[in-house]
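Undergrad: Give me the fold of what follows.
(2 chains, ligands or ions: 3)
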Amino acid sequence: MNPMGNSSQAIQASIIQTDKRQIHACLTEGIRNEINHLLDHYPQASGASIDALKIVQNHYGWVSDDAINALAIHMQLPVSDLESVATFYNLIFRKPVGKILLHPCNGISCMLMGYRDFFGAIQQSLNISDGETTQNNHFTLISLPCLGACDKAPVMLKTGSGQEDKLFTNLQPSMVDHIIAELEQKKNKPRQGGDIK
Amino acid sequence: MNTKQAPTHPLTQHINLDEPLDLSCYKEAGGYDGFKAAISQPSDTVLSILKDSNLRGRGGAGFPTGLKWSFVPPRDDSGSDRYLVVNGDEMEPGAFKDRWLLEGAPHQLIEGLLIAAHTISATVGYIFLRNEYSLAADRIQKSLDECYEAGLLGKNILGSSLCFDIHIHTSAGRYICGEETALINSLEGKRANPRSKPPFPQVAGLWGKPTIVNNVETFFNLPNIILYGAEWYQSLGRHKDAGTKIYGVSGRVNKPGLWELPMGTPIREIIEVHAGGMCDGYKLRGYQPGGGSTDFLLPEHLDTPMDYNEIGAIGSRMGTGTIIVLDDKNCPVDMVLNLVSFFAQESCGWCTPCREGLPSATYILQQIENGKGKLEDLDYLLDIVEMVAPGNTFCALAPGAAEPLQSGLKFFRDDFEQHIKDQCCPYH
Ligand SMILES: Cc1cc2nc3c(=O)[nH]c(=O)nc-3n(C[C@H](O)[C@H](O)[C@H](O)COP(=O)(O)O)c2cc1C
Ligand code: SF4
Ligand code: FES
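TA: Ligands and ions are numbered 1, 2, ... in the order given. Below is the predicted model:
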């Protein structure tokens, strides 16, 4: 018999313990339930990867390394698979973002209708450039391609964890201050139906 | 054949953007009659109606839907899954038609899926939506719940042998997910790199099983084709192609928007009548007939019917049918730059011509637009067009990016040359 048997079992047990703690720290019961429900939609667990990353992001605003490790254990998928998916898709954030995400559309119809002037005005008003977050963590500005509302160009989508999505349409630079003030005011109003159960 | 008055607007007759019809109202308006008609006939019969109707896929390529479905192998007794996928990724620049349908009449999409499920014996359907279409996702989910409750989804639907489930999958933002094999990889939880064909998805798609991917608008066509027949459907078109089509216009026109019109409606009528013509003080320079990945056309092409073959014959594509208008106060070089940089950013990076060629083209276009271009740059751009031509890349993304680039260089060459000669953009 292997003389190290007992202690290797102990190490094994402690790894399992750490795993459990890690999962519990990042993936609350609510998040796990939501993921488990989605696992039923696919014949293989990997199918729910993107959904799972989005559920985590919906809760925390972004997806940390710890969260990816915990997801890998919970879903029994290789960390590298989840990591490779998380870095491929534009809307999975691997860095913290502000409470409110502002996505001005830089698609072609919005550009033709004056996106640049609006975008200049909003950068100036928030004092940040594309991809940045305001110092108070209230806003992150990320331009997105065509948002599928080209007849109302230029447009901007507001999202954020725990926030209700809202599309601002037919934008003009003069509207920036009003929009920001309105969003500052409503920033703390929870999304209809509340957060993740 | 149904004796009820056939609708003039079969795609949009039930649309209500403020509050889409719930199940009982949809049924009262004749909803799910198409599915009931389908399920009372053998699947072969339904497939031949579809083939005879000449319905062509509305996702951009215009592939005949009935023919596509006929490649699905006949059902065996293994009970193994077969999949249906709705392509609702809609990230083509300047395309906004599927959002209208998805938000306005979710039950019509579900009815289309049920008809398809009966025809190809599918067991599971996925509705693949771009992340930003959260309102559509909420509304579709509500409609799905109603269907499960009413026995229209799940086991032994309406007492038949059909068992069919539908799930919504919301994406995480990548244009390439709209390419059907990339979409399949994405649904499997992988990076959305396209797959090589063959095998075609109809034979070995999602998890290696027979899979049909169709556009949202394609599914919307199904209920009325089954109810009113192939002949009626063919008679709707004004030219050679059948049915109606959602057309749209964006840019400096008086009434940008979307309309359901007979297939083959001339471009002029769409822009001048439905979109109300150009805004005061703006002239029409050119337009892309079917979204950002289609070749530019000129005012001289305005009398062409918006019909797959006709638009093809004058060197462009019907694409999504959503027209993007370029006016005389916007810079054509800047427009091409915006489009090419989008495609460069969205390249999945799998094959070299696209991964390397599109960023190079973007850089050169930036130089020209910023007044640092050289005349030989125009030849470089043409080299890149050739490098990413169909057949040289793994999927159609890069050839799609080349379409506005090559036609822009052809039709707006003077503008490119003036940028280089004056070393500045004359529009800014
Ligand atoms: C880069 C790329 C993006 C695409 N995006 C979409 C899309 O968003 N929606 C869509 O229906 N088809 C899209 N397509 C076309 C699909 O590959 C496929 O042809 C279509 O979904 C088939 O449906 P249909 O036969 O009903 O048109 C895209 C193709 C390419 C190459
Ligand atoms: S053409 Fe571009 S998007 Fe398509 S497979 Fe090649 S790299 Fe990917
Ligand atoms: S280009 Fe901005 S919504 Fe389509």
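
Undergrad: Quick check: can you list the domain ranges of the chain?
TA: Defaulting to chain A. A:6-88, A:100-186 (automatic domain parsing).

Undergrad: try chain B instead
TA: Segmentation of chain B into domains, based on automatic domain parsing, reads B:23-235, B:245-326, B:332-422.

Undergrad: any chance of these in TSV, with distance to ligand 2, mean neighbour count and mean pLDDT too?
TA: C-beta here means a position set from N, CA and C on the backbone, and glycine is covered the same way. Output for the domains of chain B, formatted as TSV (distance: least, CB to the nearest ligand atom, whole Å; neighbours: other CB atoms under 10 Å in any protein chain shown; pLDDT from 0 to 100):
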stretch	distance to ligand 2	mean neighbour count	mean pLDDT
domain B:23-235	5	21	96
domain B:245-326	12	21	98
domain B:332-422	3	20	97
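
Undergrad: Of those domains, which is nearest ligand 3?
TA: Of all the domains of chain B, it is domain B:23-235 that lies closest to ligand 3, at 5.8 Å by CB to the nearest ligand atom.

Undergrad: and of the domains of chain B, who's closest to A:S46?
TA: Comparing the domains of chain B against A:S46 with CB to CB, the closest turns out to be domain B:23-235 (3.8 Å).

Undergrad: residue boundaries of the strands in chain A?
TA: A:100-104, A:139-141, A:156-159, A:166-168 (DSSP state E).

Undergrad: if we can go back for a sec, packed most tightly, which of the domains of chain A would that be?
TA: Each of those was scored by mean neighbour count; the highest is domain A:100-186, a mean of 19, by mean count of other CB atoms under 10 Å in any protein chain shown.

Undergrad: ok, it near ligand 1 or not?
TA: No. Judged by CB under 6 Å from any ligand atom, domain A:100-186 and ligand 1 are separated, with a smallest distance of 9.7 Å.

Undergrad: is chain B contacted by that domain?
TA: Yes. Judged by CB under 8 Å from any CB of the partner chain, domain A:100-186 comes into contact with chain B through A:103, A:106-109, A:111-113, A:144-153, A:157, A:165.

Undergrad: Excluding sequence neighbours, find me the nearest residue to the residue of chain A at minimum distance from ligand 2.
TA: Using CB to the nearest ligand atom, the single residue of chain A nearest to ligand 2 is A:F88, 11.5 Å away. With CB to CB, 6 or more residues apart in numbering or on different chains as the criterion, A:F88 has its nearest non-adjacent residue at 4.3 Å, and that residue is B:R191.

Undergrad: For the one you found, give me its contacts.
TA: A:S84, A:V85, A:F88, B:N185, B:C348 (CB atoms under 8 Å, 6 or more residues apart in numbering or on different chains).

Undergrad: Which parts of the stretch 101-250 of chain B are strands?
TA: B:124-129, B:165-170, B:211-215, B:244-250 (DSSP state E, counting those that start in this stretch).

Undergrad: got it, and the stretch 251-400 of chain B?
TA: Here the stretch 251-400 of chain B has its strands, by DSSP E, counting those that start in this stretch, at B:257-262, B:284-288, B:322-327.

Undergrad: Any chance of those in CSV with distance to B:S121 as columns?
TA: What follows is those, written out as CSV (distance: least, CB to CB, whole Å):
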stretch, distance to B:S121
strand B:257-262, 31
strand B:284-288, 39
strand B:322-327, 34
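
Undergrad: between the domains of chain A, which gets nearest to B:D414?
TA: domain A:100-186 (19.7 Å).

Undergrad: on that earlier part again, would a markdown table of the strands of chain A with distance to B:M278 be doable?
TA: A markdown table is the format used below for these (distance: least, CB to CB, whole Å):
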| stretch | distance to B:M278 |
| --- | --- |
| strand A:100-104 | 25 |
| strand A:139-141 | 32 |
| strand A:156-159 | 25 |
| strand A:166-168 | 25 |
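
Undergrad: could I get those as CSV with mean pLDDT?
TA: Listed next are those as CSV, based on pLDDT from 0 to 100:
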stretch, mean pLDDT
strand A:100-104, 97
strand A:139-141, 97
strand A:156-159, 96
strand A:166-168, 96
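
Undergrad: Tell me the spacing between the closest residue to ligand 3 within chain A and B:A389.
TA: Distance from ligand 3 to each residue of chain A (CB to the nearest ligand atom) is smallest for A:G107, at 2.6 Å. Distance from A:G107 to B:A389, counting by CB to CB, to the nearest Å: 25 Å.

Undergrad: Including distance to B:M263, could the domains of chain A go into CSV?
TA: Shown next, in CSV, are the domains of chain A (distance: least, CB to CB, whole Å):
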stretch, distance to B:M263
domain A:6-88, 36
domain A:100-186, 21
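
Undergrad: Compare the mean pLDDT across those domains and name the weakest.
TA: When the domains of chain A are compared by mean pLDDT, domain A:6-88 comes last with a mean of 87.

Undergrad: next one: that domain to chain centre, how far?
TA: On the basis of CA atoms, centre = their mean, to the nearest Å, domain A:6-88 sits 16 Å off its chain's mean C-alpha point.

Undergrad: residues touching B:L114, list them.
TA: Per CB under 8 Å, 6+ apart, neighbours of B:L114: B:Y32, B:F35, B:A38, B:I39, B:L152, B:L153, B:I157, B:L162, B:F164.

Undergrad: repeat that for 7 Å
TA: By CB atoms under 7 Å, 6 or more residues apart in numbering or on different chains, the contact set of B:L114 is B:F35, B:F164.

Undergrad: got it, and B:C424?
TA: Counting by CB under 7 Å, 6+ apart, B:C424 makes contact with B:G371.

Undergrad: Assess the claim that B:E217 and B:A95 are in contact.
TA: No. Contact between B:E217 and B:A95 fails when scored by CB atoms under 7 Å: they sit 10.7 Å apart.

Undergrad: Can you give me the distance of B:Y308 to B:G243?
TA: 11 Å.

Undergrad: Sorry, slip of the keys, the one I care about is B:Y32.
TA: From B:Y32 over to B:G243 (counting by CB to CB), the distance is 20 Å.

Undergrad: Distance from the chain centre to stretch A:126-146, please.
TA: In terms of CA atoms, centre = their mean, the centre of stretch A:126-146 is found 14 Å from the chain centre.

Undergrad: Isn't B:N156 up against B:C163?
TA: Yes. Here B:N156 reaches B:C163: they are 6.3 Å apart, a contact under CB under 7 Å.

Undergrad: How about the contacts made by the closest residue to A:K54 other than its chain neighbours?
TA: Closest residue to A:K54 apart from its sequence neighbours, by CB to CB, 6+ apart: B:A172 at 6.2 Å. When contacts are counted by CB under 7 Å, 6+ apart, B:A172 is found next to A:I50, A:K54, A:Y89, A:L91, A:I92, B:N131.

Undergrad: hmm, try it at 6 Å
TA: By CB atoms under 6 Å, 6 or more residues apart in numbering or on different chains, B:A172 lies in contact with A:I50, A:Y89, A:L91, A:I92, B:N131.

Undergrad: can I get those in JSON lines with distance to A:H138?
TA: As requested, these are arranged in JSON lines below (distance: CB to CB, whole Å):
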{"residue": "A:I50", "distance to A:H138": "28"}
{"residue": "A:Y89", "distance to A:H138": "25"}
{"residue": "A:L91", "distance to A:H138": "20"}
{"residue": "A:I92", "distance to A:H138": "21"}
{"residue": "B:N131", "distance to A:H138": "22"}
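
Undergrad: List just the nearest of those residues to ligand 1.
TA: Taking the contacts of B:A172 together and measuring to ligand 1 by CB to the nearest ligand atom, the closest member is B:N131, at 12.7 Å.

Undergrad: quick revisit: for B:H239, find the nearest of the domains of chain A.
TA: Ranking the domains of chain A by proximity to B:H239 (CB to CB) places domain A:100-186 first, at 25.0 Å.
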